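[1] my questions are about this predicted structure, shown below with the sequence.
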Amino acid sequence: MAILGAGAVMMGSRLGDAFNFLYSIMLARWLGGGEFGSASALMLALAIPAATINVLVCRETVWRTETQQPQALRAFVWRWFWRAFAAGSVCAALIVLFNPYVGTVLRYNHPDVGYGLAALVVLTLTRPFWQSVLQGQERFLLISAGPPLEGFLRLTLTMAFLYFLQAGLRGVVAAQAITGVILLGYGMVLGIAGTRTHAQQHAPATPLPHACAPPTNWRTLAASLTITTALILFISTDVIVVNFIFPGPIADAYAAIATLGKIVLYVPESLAVIMLPIFVRDAAHARSSTRATVAAVAIALAGAAAITLLFALCGTALMRAVYPQAYLAYAHLLPWYAVAMGGVALCRMLGTQAMARGLLAPGVALLAVAALQVLGFYLFRLNVGQTTIVLVITSLAAAVVSAAMALVRAPWRGTHAHLP
């Protein structure tokens, strides 16, 4: 059943990625004047809180399921759901209040884009809760339906707004918001129903050594926040910086390179969905995760190497097939971008394992490298080639730091000292 579920997640994620790729191509062809770069920057800026919440809820779900506490799980999710909703509402109000200044940073002119961004902030903070319950319960068949559903809805709604209404960037944000509302309902219905039945059907194989210890505390929160923040900074900062510094056409072209280059992360992201509850369960039982960690890292690196080779051999042809002719001038950056994402892929796998055990040091180390990356973008900003070089160097440095932290601290070993 675990193999079937894992296969379903991989297939569902790939279908979702296919829709997202078509979505990116459509935006690149239909949005002009720098709007494609602005749209990419907007979407990337919303990723950090969602990823952090996902890890925390997944950890709590695994722990409460192992200890047969469905009521405590429901109370935890609802409590933090409303807290996140309140925080998102405050952020949304600030975006609306300072809409002109936010528009200057993210390079949009119409105030409606800011209103849509405010709604997306609230949705981003509330959507992960119940979907993360499904992940923590390893209900992979239900999880696998989410990415293709989201990709299909976002693609069709965006096409409607752009083609029929000529709404531009406003239509992109509106389509994202409507998709978020539908996916929020999807996760809530399935997640709430699951907490009523799944926990009672699950019996842990062995008693938990620290069954009474609360799995979520300041350390686990800080560990999840620092690691997810660092990982998403490595994925998104370059696009946001390029969109802010360089003219619209250059920002559009770089966003296209980034979209193709991030294909390297498709497999690691799917693996992370599958491996996070496994790593958390190993931590709860003080078991070793060595074999699973090494296997996940090997798969991620093998996939990154294969895609980098493909881009080195056929990158220009791929760019010519899917993007406007003007973007071909930057096709030579594609293999290097894939190398950078290979480093991020390694950080993703080791970071997932560290978050499962609430290890704070790896996140602090990655944040330090991310800060150096931002400094590098500031010092070397003559052209996007320099931006890519900085991205490659710092991403590989982050990979080395993550590997060194894993070897020195050995966070996969089954020692009680690493339990929250």
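    Looks like it arrived, so ask away. The structure presented is a predicted model; accordingly, all values stated were derived computationally and were not measured. Numbers count the residues shown, from 1 in each chain.

[2] so where's the stretch 1-150 of the chain shaky on pLDDT?
    1-10, 14, 28-52, 105-108 (pLDDT under 70).

[3] recalculate using a threshold of 50.
    Along the stretch 1-150 of the chain, the model assigns pLDDT under 50 to residues 1.

[4] how about the helices in it?
    Ranges of helices in the stretch 1-150 of the chain, per DSSP state H, counting those that start in this stretch, are 2-30, 35-45, 47-66, 70-97, 99-106, 111-126, 128-136, 140-159.

[5] which stretch among these comes nearest residue 353?
    helix 47-66 (11.5 Å; CB to CB). (Glycine included, C-beta is placed from N, CA and C.)

[6] if we can go back for a sec, could the helices of the stretch 1-150 of the chain go into JSON lines alongside mean neighbour count and distance to residue 226?
    Shown next, in JSON lines, are these (neighbours: other CB atoms under 10 Å; distance: least, CB to CB, whole Å):
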{"stretch": "helix 2-30", "mean neighbour count": "17", "distance to residue 226": "25"}
{"stretch": "helix 35-45", "mean neighbour count": "24", "distance to residue 226": "18"}
{"stretch": "helix 47-66", "mean neighbour count": "24", "distance to residue 226": "9"}
{"stretch": "helix 70-97", "mean neighbour count": "16", "distance to residue 226": "18"}
{"stretch": "helix 99-106", "mean neighbour count": "15", "distance to residue 226": "23"}
{"stretch": "helix 111-126", "mean neighbour count": "22", "distance to residue 226": "18"}
{"stretch": "helix 128-136", "mean neighbour count": "25", "distance to residue 226": "18"}
{"stretch": "helix 140-159", "mean neighbour count": "20", "distance to residue 226": "25"}
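
[7] and those helices: which comes nearest residue 264?
    For those, the distance to residue 264 is smallest for helix 2-30, at 11.6 Å, taking CB to CB.

[8] before we move on, the earlier item: same list, the helices of the stretch 1-150 of the chain, but as JSON lines with distance to residue 249 please.
    As requested, the helices of the stretch 1-150 of the chain are exported to JSON lines (distance: least, CB to CB, whole Å):
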{"stretch": "helix 2-30", "distance to residue 249": "12"}
{"stretch": "helix 35-45", "distance to residue 249": "9"}
{"stretch": "helix 47-66", "distance to residue 249": "25"}
{"stretch": "helix 70-97", "distance to residue 249": "27"}
{"stretch": "helix 99-106", "distance to residue 249": "17"}
{"stretch": "helix 111-126", "distance to residue 249": "20"}
{"stretch": "helix 128-136", "distance to residue 249": "35"}
{"stretch": "helix 140-159", "distance to residue 249": "21"}
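
[9] nearest approach to residue 363 belongs to which of those?
    Once the helices of the stretch 1-150 of the chain are compared by CB to CB, helix 47-66 is nearest, at 10.5 Å.

[10] grab the nearest non-local neighbour of residue 123.
    residue 180 (3.6 Å; CB to CB, 6 or more residues apart in numbering).

[11] out of the helices of the stretch 1-150 of the chain, which is closest to residue 219?
    It's helix 47-66; of these, that one is closest to residue 219 (CB to CB) at 11.6 Å.

[12] tell me how far the closest one is from the chain's mean position?
    Put simply, helix 47-66 sits 13 Å off its chain's centre (CA atoms, centre = their mean, to the nearest Å).

[13] if we can go back for a sec, and for the residue nearest to residue 123, the neighbour number?
    21 (other CB atoms under 10 Å).

[14] and residue 328, by the same measure?
    Number of residues near residue 328 (other CB under 10 Å) recorded here: 16.

[15] that older thread, check the residue nearest to residue 123 and give its pLDDT.
    We note a pLDDT of 84 for residue 180 in this prediction.

[16] ok, it - contacts?
    Neighbouring residues of residue 180 by CB atoms under 8 Å, 6 or more residues apart in numbering: 119, 120, 123, 124, 127.

[17] tell me how far the third one lies from residue 84.
    Meaning residue 123. 10 Å (CB to CB, to the nearest Å).

[18] and residue 349, what is it in contact with?
    Taking CB under 8 Å, 6+ apart, one finds 268, 271, 272, 275, 293, 296, 297, 300 in contact with residue 349.

[19] check residue 109 too.
    By CB under 8 Å, 6+ apart, the neighbours of residue 109 are residue 103.

[20] likewise the one 3 residues further on?
    For residue 112, the contact set (CB under 8 Å, 6+ apart) comprises 170, 173.

[21] quick check: the gap between it and residue 237.
    Here the criterion is CB to CB. By it, residue 112 lies 26 Å from residue 237.

[22] again with residue 181
    From residue 181 over to residue 237 (counting by CB to CB), the distance is 28 Å.

[23] quick one, which of these two is more surrounded?
    residue 237 (20 against 13).

[24] hmm, the more buried one is touching residue 373, no?
    Yes - the pair residue 237 / residue 373 is scored as a contact, 6.5 Å apart, by CB atoms under 8 Å.
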